[in-house]
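Trainee: the sequence isn't on hand, but the structure is:
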């Protein structure tokens, strides 16, 4: 069988072994030659426009390349685009594709096609994908829940792929829509300063879950002589639990190191410390409040019935 030209071999290597029919034809590989290799099991047809030079089941990287290559004027976006930087795919393996309008239909059920009159002016090289800021905005807007959206945001910030300031700037330039409005609301939940009411929210939750608060902003002194303040101390029948509520600033690596030292240093032998992400008070409060009741040894919680 005829050998492939080296430039085409190199191109396939850069694209995880996936090539479009157009790319193959540009290097002199005819439709008949493609069909012969597929028939003999050397290659595999992924879609009508894309061929994999690996006949086995597609890896996730190969699938992303196939999605980008199937639509000539397109870019991977949303959470799938962030997978290139290390984000794990969701359970359904969704791939969001931003493409120019033209009545195109997605060939695979987990590929979600979003059409626009034109692609963004800035598209990342290699695997064609939208900028990290736009990818995150779309991931947040399309997320199935606030909890998933906040996970995407905190993951991207912790990895230093984006800053909230640049994401906000990108979002400000986008037209209002259901997706962008949802993204604005969700990103507001992790904006620095948006967590100023966390203490009051925690107090309200303690009232709801019948958790006795012994002190707020409890003053301690660490081994280096510095003043430290514990956000809350809850107590029940001799058991004491320290509660630290982590806002947006706690995503920073240096802050995390200082938090860890402080927690280890000021927690006394007869105390337990629990950290609650501030966003959890909005999105997942019951899990943490029930955990807090369990640490205190409180009896099983019975929610109050509305009159």
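Mentor: Structure received. Computed from a predicted structure; not experimentally measured.
Trainee: tell me the spacing between residue 122 and residue 170.
Mentor: Going from residue 122 to residue 170 by CB to CB, to the nearest Å gives 10 Å. For every residue, glycine as well, the C-beta is placed using N, CA and C.
Trainee: quick check: beta-bridge partners of residue 124?
Mentor: Residue 124 has these beta-bridge partners by DSSP bridges: residue 129.
Trainee: correct me, but it touches residue 134?
Mentor: No: contact criterion CB atoms under 8 Å: residue 124 and residue 134 do not qualify, at 9.8 Å.
Trainee: of those two, which one has the most company?
Mentor: Higher neighbour count among residue 124 and residue 134: residue 134, with 25 against 16, using other CB atoms under 10 Å.
Trainee: who are the contact partners of the closest residue to residue 78 other than its chain neighbours?
Mentor: Distances taken as CB to CB, 6 or more residues apart in numbering place residue 96 nearest to residue 78, at 3.5 Å, with adjacent residues excluded. Neighbouring residues of residue 96 by CB atoms under 8 Å, 6 or more residues apart in numbering: 76-81, 112, 114, 138, 142.
Trainee: what subset of the residues you listed is buried?
Mentor: Among those, the ones that count as buried by 16 or more other CB atoms under 10 Å are 76-81, 112, 138, 142.
Trainee: if we can go back for a sec, overlap in contacts, residue 122 and residue 170.
Mentor: Shared contacts of residue 122 and residue 170, defined by CB under 8 Å, 6+ apart, are found at residue 131.
Trainee: between these two, tell me which one has more neighbours.
Mentor: Applying other CB under 10 Å to residue 122 and residue 170 shows that residue 170 carries more neighbours, namely 19 against 11.
Trainee: assign the closest residue to residue 74 other than its chain neighbours to helix, strand or coil.
Mentor: Spatial nearest neighbour of residue 74, chain neighbours left out: residue 99 (3.9 Å); criterion: CB to CB, 6+ apart. Secondary structure, DSSP: H, G, I helix; E, B strand; the rest coil: residue 99 is strand.
Trainee: ok, which stretches of the stretch 151-300 of the chain are helices?
Mentor: Along the stretch 151-300 of the chain, counting by DSSP state H, counting those that start in this stretch, helices occupy 164-172, 178-188, 198-208, 253-266, 278-283, 285-296.
Trainee: quick one: closest of the ones you listed to residue 231.
Mentor: Distance to residue 231, taken as CB to CB, is lowest for helix 198-208 among the helices of the stretch 151-300 of the chain, at 6.9 Å.
Trainee: buried set for the helix or strand harbouring residue 46?
Mentor: Element membership for residue 46 (DSSP states H and E) is strand 44-47. Buried residues in strand 44-47, counting neighbours by 16+ other CB under 10 Å, are found at 44, 46-47.
Trainee: could you check the pLDDT of the nearest residue to residue 86 once chain neighbours are set aside?
Mentor: The shortest distance from residue 86 to any non-neighbouring residue, by CB to CB, 6+ apart, is to residue 159 (6.8 Å). With respect to pLDDT, residue 159 has a value of 84.
Trainee: was I right about residue 159 contacting residue 132?
Mentor: No: contact between residue 159 and residue 132 fails when scored by CB under 8 Å: they sit 9.5 Å apart.
Trainee: need the residues touching each of those two.
Mentor: Joint contacts of residue 159 and residue 132 (CB under 8 Å, 6+ apart) are residue 85.
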